[in-house]
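[1] Just to be clear, the model below is a prediction. Sequence and coordinates:
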Amino acid sequence: MDALATAFGMLVGLDPVLWSVIGLSLRVSLSAVLIAAIIGAPLGALLATRRFRGRQFLIMVSGAFMALPPVVVGLAVYLMLSRAGPLGSLGLLFTPGAMIIAQSLLILPLITALTRQVVTPVYRDYGGLFAAHNVSPMLALRVTLWDARFGVATALLAGFGRAISEVGAVQIVGGNIAGVTRVMTTTIALETSKGNLEMALALGMVLIVLALVINVAIMALGRFGQRFEEARI
Amino acid sequence: MTAPVLEMRGLSYSVRDNRLLGPIDLRLASAGITCILGPNGAGKSLFLSLAHGMFEPDAGSVVWDGAPAATTRQSRGYVFQSTPMLRRSVRANLDFPLSARRSPHGARAALIDMALETARLTSRANQPAAALSGGERQRLALAQAMVAKPRAILLDEPGASLDPASQCALEDMVRQVAASGTKVIMTTHDLAAAKRLADDVVVFINGTIAAQSAADAFFTTPQPAAVADYMEGRL
């Protein structure tokens, strides 16, 4: 009970170490979501709207990799960025940049697959209109993606939830260096093993609040999107 | 006939060696309303899709004003029986065909306002298209097809499942569109509507043309046995 009170005090008292860890976590995970969104949302929309060679393979891979273990992604990125790896010369290993790359790769399949899922029914409705008006593929993609925006936003939130809560990938490629690559999940693991439960509990509270906020946002977006489509607003 | 707007030569369409349509040779006048009649499965909707260039035929050609159908789709409007709409406002749905044709932004508002007025949807302009009634939705679909001032409009069963008032409003709109010089080609099951609207009639039975004539002559003179069977509900 004392540990919980201390943890709450650290949060309210704006403990600098605690909040720098929170800040870095948000920066890494939001950057990863941004990168994965820029690649994954158009790719998911493309998979939903176009027929091309390799499409089925990409659908299968994005679906299968949705639940990819973070440690496996971490290992793959580690091998790429390590000194002997193909991208070793970039010197990114054990930096926030490496963590962003790892989390981007981790959530890219999730965002791609979910975007494809939410865009598919919209395109099914619009396909005839696009054919009748001889709409260019680029305009069709833009219109479909925009009109599926509530669903796509939900996909991005789901990606953020997975990124902010994973520990394996950032642990491997970030190295959990204090003040440099230490994020919420890796700090919780470390501080718990050291018996420093106050810090771990405070960060746990933040993660729980974030999980709640993300879920409420997903529900609200879903409802708002449904109401918008049913023309009740 | 003056120079035809639509000319089909030797057109046919098959799926796995099963011929669904053709061979068809057809010329349609450059103005007025042509009604395509025929029983279910006669190939009316397929004919309309091929005429618009949405599918490639197995054989033959479809030419509009001398140019192949597939390359001139944007010079025509098309209204589906199911009236698909963007999940957007009425106004945005009218902007979409203009955007697809890269119409200048400055000219769009006036064209949209005109289409709204013709469809009697001005008061509904900013409401979601999904909120419209069946009749309003049909009028919006027709307005969407005509907003870019096309050379011709193709309508697939536009009045199906409408109440008499909505049907009447839609027919008024079709007449207005045709009167502006736009060629109208519509499929319909409704012989009474065809009688009210058509300048000329084409009857499809089993994927081929069983009759083609001016509407006045079609409804007042005896028709071949198969067409008579269709018109009297025996087919």
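    That came through, no problem. Numbering: from 1, shown residues only, chains lettered A, B, ... in the order given.

[2] pLDDT weak spots in chain B?
    Residues of chain B that meet the criterion pLDDT under 70 lie in B:1-3.

[3] Where in chain A is the helix or strand with the lowest mean pLDDT?
    Ranked by mean pLDDT, DSSP states H and E, the weakest helix or strand in chain A is helix A:2-12, scoring a mean of 83.

[4] what comes up buried for that helix?
    Residues A:Thr6, A:Ala7, A:Met10, A:Leu11 are the ones in helix A:2-12 that count as buried (16 or more other Cβ atoms under 10 Å in any protein chain shown). For the C-beta atoms, the positions are set from N, CA and C on the backbone; glycine is no exception.

[5] Kindly report the same for stretch B:182-197.
    Buried positions in stretch B:182-197, judged by neighbour count with 16+ other Cβ under 10 Å: B:182-188, B:190-191, B:193-194, B:196-197.

[6] of all those residues, which two lie farthest apart?
    With distances taken as Cβ to Cβ, the most widely separated pair in those is B:Thr182 and B:Leu191, at 23.6 Å.

[7] quick one, helices of chain A?
    A:2-12, A:16-49, A:55-64, A:70-81, A:96-132, A:137-147, A:149-165, A:168-174, A:184-194, A:197-229 (DSSP state H).

[8] Check which helices and strands the last one is in contact with.
    Pointing back at helix A:197-229 there. Applying 3 or more Cβ pairs under 8 Å, 6 or more residues apart in numbering or on different chains; DSSP states H and E, we find helix A:197-229 packed against helix A:2-12, helix A:16-49, helix A:149-165, helix A:184-194.

[9] Please work out which residues outside the first one touch it.
    Helix A:2-12 has contacts (Cβ atoms under 8 Å, 6 or more residues apart in numbering or on different chains) with A:Leu18, A:Leu197, A:Glu198, A:Met199, A:Ala200, A:Leu201, A:Ala202, A:Gly204, A:Met205, A:Val206.

[10] So B:Leu94 sits against B:Glu117, correct?
    No - using Cβ atoms under 8 Å, B:Leu94 makes no contact with B:Glu117, being 11.3 Å away.

[11] And the two? Which one has more around it.
    Ranked by neighbour count (other Cβ atoms under 10 Å in any protein chain shown), B:Leu94 and B:Glu117 place B:Leu94 first, with 27 against 11.

[12] Name the nearest residue to the more buried one, ignoring sequence neighbours.
    Once flanking residues are discounted, B:Leu94 sits nearest to B:Ile112: 4.6 Å by Cβ to Cβ, 6 or more residues apart in numbering or on different chains.

[13] hmm, back to that, could you dump the buried residues of stretch B:182-197 to TSV with distance to chain A?
    Output for the buried residues of stretch B:182-197, formatted as TSV (distance: Cβ to the nearest Cβ, whole Å):
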residue	distance to chain A
B:Thr182	16
B:Lys183	16
B:Val184	15
B:Ile185	14
B:Met186	15
B:Thr187	15
B:Thr188	19
B:Asp190	22
B:Leu191	27
B:Ala193	22
B:Ala194	23
B:Arg196	26
B:Leu197	22
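
[14] got CSV for the residues you listed, with secondary structure too?
    Supplementary listing: these in CSV, determined by DSSP: H, G, I helix; E, B strand; the rest coil:
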residue, secondary structure
B:Thr182, coil
B:Lys183, strand
B:Val184, strand
B:Ile185, strand
B:Met186, strand
B:Thr187, strand
B:Thr188, coil
B:Asp190, coil
B:Leu191, helix
B:Ala193, helix
B:Ala194, helix
B:Arg196, helix
B:Leu197, helix
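
[15] in chain B, which spans are strands?
    All strands of chain B, identified by DSSP state E, fall at B:6-15, B:18-28, B:33-37, B:59-64, B:67-68, B:76-79, B:152-156, B:183-187, B:200-205, B:208-214.

[16] if we can go back for a sec, ok, so of the contacts of helix A:2-12, who is nearest A:Arg27?
    Minimum distance to A:Arg27 across the contacts of helix A:2-12 is 14.3 Å, recorded for A:Val206 (Cβ to Cβ).

[17] Contact partners for residue 190?
    Here I'm looking at chain A. Counting by Cβ under 8 Å, 6+ apart, A:Leu190 has contacts A:Asn176, A:Arg182.

[18] let's do chain B instead
    Shown in contact with B:Asp190 (Cβ under 8 Å, 6+ apart): B:Gly159, B:Ala160.

[19] what's it sitting at in phi/psi?
    B:Asp190 adopts backbone torsions of phi -90, psi 100, taken as degrees, to the nearest 10.

[20] do the same with B:Asn40
    According to degrees, to the nearest 10, the main-chain angles of B:Asn40 amount to phi -60, psi 140.

[21] mind checking how far the nearest residue to it once chain neighbours are set aside is from B:Ala42?
    Once flanking residues are discounted, B:Asn40 sits nearest to B:His189: 7.9 Å by Cβ to Cβ, 6+ apart. Distance from B:His189 to B:Ala42, counting by Cβ to Cβ, to the nearest Å: 10 Å.

[22] go on, B:Pro23?
    Distance, B:Pro23 to B:Ala42, by Cβ to Cβ: 15 Å.
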